[in-house]
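Trainee: Please find the sequence and the predicted model below.
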Amino acid sequence: MTSIDRHEQLITEGLKLHEGRDYESAQLFFQRAIADCPNCVVARYNLANTLHTLYRDSEATLILKNLLATDDEILFDGCPLNEDPTPFKIDALYLMLLTILGDTGNWDDAYQFGLQHLEARKETTDFLFSDEYVATEMEALKLEFKTHE
């Protein structure tokens, strides 16, 4: 098995475990994938998403900040799966909204990432959820977190 095959297998298994709600195990697969390829955008994003699901938002936020600060070329070259980092970075902006809310509950700090996410979505159209859905979700979060401040 090549290192690329091994890496892909780690990501695939991590995603399968995450979808099966075995987040603790999924996290371990994503961590192994990162140990093999530290600049793999797929592994980094999915580890952050899994940590968020485990309510470990401060850890997820750190990973996402690092991911967003990393040059696209480094992420593209660092991913043996040859994944374009752009959609992961766009989704990372929305995930930042969620992890900051989960970590600090501060709407004002989190909201800027949601706005950046919506703005970045305009440049591409390949998303699971519509712009309207995301905007509606953000409004619901705003109501929830603004009333707790």
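Mentor: It's in. Nothing here was measured: the structure is a model prediction, and the numbers come from that model.
Trainee: thought residue 124 was touching residue 87?
Mentor: Yes: counting by CB atoms under 8 Å, residue 124 does reach residue 87; the two are 6.9 Å apart. Backbone N, C-alpha and C define where each C-beta goes, glycine included.
Trainee: quick one, which of those two is more surrounded?
Mentor: Using other CB atoms under 10 Å as the criterion, residue 124 and residue 87 rank with residue 87 on top: 16 against 11.
Trainee: Contacts only, for that one.
Mentor: Counting by CB atoms under 8 Å, 6 or more residues apart in numbering, residue 87 makes contact with 124, 126, 127.
Trainee: quick one: what helix or strand has the closest residue to the second one other than its chain neighbours in it?
Mentor: This points to residue 126. Spatial nearest neighbour of residue 126, excluding adjacent residues (CB to CB, 6 or more residues apart in numbering): residue 87 at 6.7 Å. Taking DSSP states H and E as the criterion, residue 87 maps to helix 85-104.
Trainee: for the protein, which spans come out with low pLDDT?
Mentor: 125, 128, 147-149 (pLDDT under 70).
Trainee: Spell out the residue ranges of the helices in it.
Mentor: 3-19, 23-36, 41-53, 57-69, 72-77, 85-104, 107-121, 131-146 (DSSP state H).
Trainee: Can you point out the buried residues in the last one?
Mentor: Translated: helix 131-146. Neighbour-count burial for helix 131-146 flags 134, 138, 141, 145 (criterion: 16 or more other CB atoms under 10 Å).
Trainee: Now do that helix: distance to the chain's middle.
Mentor: Offset of helix 131-146 from its chain centre (CA atoms, centre = their mean, to the nearest Å): 18 Å.
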